[in-house]
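Participant: Got a sequence here, can you model it:
(one chain, ligands or ions: 1)
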Amino acid sequence: MRSLVLALVLATVAGCDRSETKKDPQPVTKPDDGQGSGSDAQRYKDEQAQFDRARRPDQIVTALGIGPGKRVADIGAGSGLLTVHLARAVLPDGKVVATDIDKAPLDLLSARIHNAGLDSVVEPRVVKENDPGLERGQYDAILLSQVDHYFDDPVAWLQAAAPALKPGGRLVITNRLYHRAAALDAAARAGLSRRSESTDVPGQFIAVFTVEKAK
Ligand SMILES: C[S@@+](CC[C@H](N)C(=O)[O-])C[C@H]1O[C@@H](n2cnc3c(N)ncnc32)[C@H](O)[C@@H]1O
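Facilitator: Numbers count the residues shown, from 1 in each chain. Prediction:
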């Protein structure tokens, strides 16, 4: 409960990305305090609409190439504003593994996912900083959304994550444009091949990679 309150206070104060600390909290919905100050559902809806306008999750889902029955990892999922879109895309029998190094935003993610009726397809998972925490050869796609710039050693992290992809699986990196050069450089040095890229979303890039076949 205390970490939940702490995350909320931090989220309300921080807004996005001013300090770039590793544990930037996500803008979150204040749980209904039962004092009648508006319903959770309405707050989730408003927050989601604001996020969707700015971040265009539909374009990220397209880049991932996911659909019903697919298995996808959402790395550094935070409070799940993007995770809900991945979950809807893989319904009814797909799976989203939502990872984070911090349990507090994942608790909020669980509440948001529960509120959206998507519990059956989303598994929140607390992981270690330098370990993707994913099963080998099980994923159709892996998403890194606004998280790769926190990695101490992005090349090592990407090399550790690549074996989790199924043959032909996609690894998608999306972030703010000023993180683009470092992300593309790390991906190339990790042996990933860039398949496509879009900068249609203002201030963001969405790059699609696959694992280069061993020569
Ligand atoms: C800026 S938020 C991005 C949330 C969401 N992916 C999005 O695009 O809106 C970054 C999240 O990544 C988490 N994070 C930072 N380093 C991580 C790591 N090495 N592995 C997994 N999660 C990490 C942070 O705790 C935070 O919740």
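Participant: switch to C-alpha atoms for all contacts and neighbour counts from now on
Facilitator: Fine.
Participant: Next, see if the longest strand seen in the chain gets close to the ligand.
Facilitator: For the chain, the longest strand by residue count, based on DSSP state E, is strand 165-176. No - using Cα under 6 Å from any ligand atom, strand 165-176 never reaches the ligand; the gap is at least 7.6 Å.
Participant: for stretch 72-85, same thing?
Facilitator: Yes - using Cα under 6 Å from any ligand atom, stretch 72-85 comes into contact with the ligand via 75-78.
Participant: ok, now stretch 56-68?
Facilitator: No - residues of stretch 56-68 are not located near the ligand by Cα under 6 Å from any ligand atom, the shortest gap being 9.4 Å.
Participant: returning to that earlier point: please flag which of the residues of stretch 72-85 next to the ligand sit within strands.
Facilitator: I75.
Participant: Most neighbours out of the residues of stretch 72-85 next to the ligand, which is it?
Facilitator: Ranked by the number of neighbours (other Cα atoms under 10 Å), the residues of stretch 72-85 next to the ligand place G78 first, at 31 neighbours.
Participant: how far away is it from A41?
Facilitator: When Cα to Cα, to the nearest Å is applied, the distance between G78 and A41 equals 19 Å.
Participant: what about the strands in this protein?
Facilitator: Going by DSSP E, the chain shows strands at 71-75, 95-100, 122-126, 139-145, 165-176, 192-198, 204-211.
Participant: elements contacting the last one?
Facilitator: Looking back up the chat, that one is strand 204-211. In terms of contacts (3 or more Cα pairs under 8 Å, 6 or more residues apart in numbering; DSSP states H and E), strand 204-211 is packed against helix 57-64, strand 165-176, strand 192-198.
Participant: can you check the fourth one too?
Facilitator: When contacts are defined as 3+ Cα pairs under 8 Å, 6+ apart, strand 139-145 sits against helix 57-64, strand 71-75, strand 165-176.
Participant: Deepest-packed of those, please.
Facilitator: strand 71-75 (a mean of 26; mean count of other Cα atoms under 10 Å).
Participant: Sheet partners, orientation included, of that one?
Facilitator: Partners of strand 71-75 in the sheet, by DSSP bridges, are strand 95-100 (parallel), strand 139-145 (parallel).
Participant: If I take the longest strand of the chain and strand 71-75, what angle do their directions form?
Facilitator: 40 degrees (axes from the mean of the first three to the mean of the last three Cα atoms, to 10 degrees).
Participant: From the rest of the structure, what touches strand 165-176?
Facilitator: 60, 63-65, 136-148, 162, 183, 203-211 (Cα atoms under 8 Å, 6 or more residues apart in numbering).
Participant: now these: which count as buried?
Facilitator: For the contacts of strand 165-176, a burial check counting by 16 or more other Cα atoms under 10 Å picks out 60, 63-64, 138-148, 162, 183, 204-211.
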